[in-house]
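> Dropping a prediction and its sequence here:
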Amino acid sequence: EADIYQTPRYLVIGTGKKITLECSQTMGHDKMYWYQQDPGMELHLIHYSYGVNSTEKGDLSSESTVSRIRTEHFPLTLESARPSHTSQYLCATQDPIANTGELFFGEGSRLTVL
Amino acid sequence: GDSVTQMEGPVTLSEEAFLTINCTYTATGYPSLFWYVQYPGEGLQLLLKATKADDKGSNKGFEATYRKETTSFHLEKGSVQVSDSAVYFCARINQAGTALIFGKGTTLSVSS
């Protein structure tokens, strides 16, 4: 079972500010993901990574960017936040041993842009 | 393309009622299938899974059977509790094997 930590849990910020959402995991999983959850609860994949220095865009176009300098961390950055970025952001890792696609999720970061 | 369709909510039940949440998927081959649950204010947790046709996943009184004939993976529980109130997501691995595709989620509300 993976331990995944997301910070901050809640963030309220003004338009135009730069924000970084942190995601850390302690299990050494190579594959990590960011999903955006809209107010209707639907989940959309916005970024994923297969390991250090690997980042890919997901199914939903996003103005956010990610980096993967270390296996443990997969931060998501918005250079200039806008109200349309208000959402819940969920980070996840994949269990490589189970090889079924099962994901382990963090508790999420709820972002509100005023 | 790959997709998952689940019944829209909200679903409102009394305690001890029978629960069914329908889920169907488009399939190329036989992808692994999952049900995740999201309690208020939390991230998603795996509830159960099935990795091949005819498998039955079960956990905490919930069950779902992978039925290839109907491309379905319906979630059932014989007697729901107030603590089961949450949002339930059906999911499948995408064709590329790179990520999970989720249904839109079904909100369950159980009253005592």
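Ah, there it is.
> near chain A at all, the lowest-mean-pLDDT helix or strand in chain B?
Ranking every helix and strand in chain B by mean pLDDT, DSSP states H and E puts strand B:100-102 at the bottom, with a mean of 90. Yes. Under the criterion of Cβ under 8 Å from any Cβ of the partner chain, strand B:100-102 makes contact with chain A via B:100-102. For glycine as for every other residue, the C-beta is placed from the backbone atoms N, C-alpha and C.
> can you pull the contacts of the closest residue to residue A:53 other than its chain neighbours?
Nearest residue to residue A:53 in three dimensions, chain neighbours excluded: residue A:68, at 6.3 Å (Cβ to Cβ, 6 or more residues apart in numbering or on different chains). Residue A:68 makes contact with A:32, A:49, A:51-55, A:74 under the criterion Cβ atoms under 8 Å, 6 or more residues apart in numbering or on different chains.
> Over to the most centrally placed residue in chain A: give its phi and psi.
Ranked by distance to the mean C-alpha position of chain A (Cα atoms, centre = their mean), the top residue is residue A:34 at 3.2 Å. With angles defined as degrees, to the nearest 10, residue A:34 sits at phi -120, psi 130.
> Which residues are in contact with the residue nearest to it when sequence neighbours are not counted?
Ranked by Cβ to Cβ, 6+ apart and with sequence neighbours excluded, the top spatial neighbour of residue A:34 is residue A:47, at 4.4 Å. The contact partners of residue A:47, by Cβ under 8 Å, 6+ apart, come to A:33-34, A:55-58, A:62, A:64, A:66, A:76.
> Kindly recompute the last result at 6 Å.
For residue A:47, the contact set (Cβ atoms under 6 Å, 6 or more residues apart in numbering or on different chains) comprises A:34, A:58, A:66.
> quick one: which of these is nearest to chain B?
The closest of the contacts of residue A:47 to chain B turns out to be residue A:58 (Cβ to the nearest Cβ; 6.8 Å).
> Show me the shaky parts of the chain.
With no chain named, the answer covers chain A. Within chain A, the ranges that satisfy pLDDT under 70 run A:1-2, A:98-100.
> wrong one, I was asking about chain B
Within chain B, not a single segment meets pLDDT under 70.
> Which positions in stretch B:14-31 come out as buried?
B:19, B:21-25, B:30-31 (16 or more other Cβ atoms under 10 Å in any protein chain shown).
> any idea how far residue B:93 is from residue B:99?
Applying Cβ to Cβ, to the nearest Å, the value for residue B:93 to residue B:99 is 8 Å.
> Tell me where the chain has strands.
Looking at chain A here, since you left the chain open. With DSSP state E as the criterion, chain A has strands at A:4-7, A:10-13, A:19-25, A:32-37, A:43-51, A:54-57, A:65-66, A:76-78, A:87-94, A:103-105, A:109-113.
> actually chain B
Under DSSP E, chain B gives strands at B:4-6, B:11-14, B:19-21, B:23-25, B:33-38, B:44-50, B:56-59, B:62-65, B:75-77, B:86-93, B:100-102, B:106-111.
> which one of those strands lies closest to residue A:104?
With Cβ to Cβ as the criterion, residue A:104 lies closest to strand B:44-50 of those, at 7.6 Å.
> My understanding was that residue A:43 contacts residue B:102; is that so?
Yes. Residue A:43 is in contact with residue B:102 according to Cβ atoms under 6 Å; the separation is 4.3 Å.
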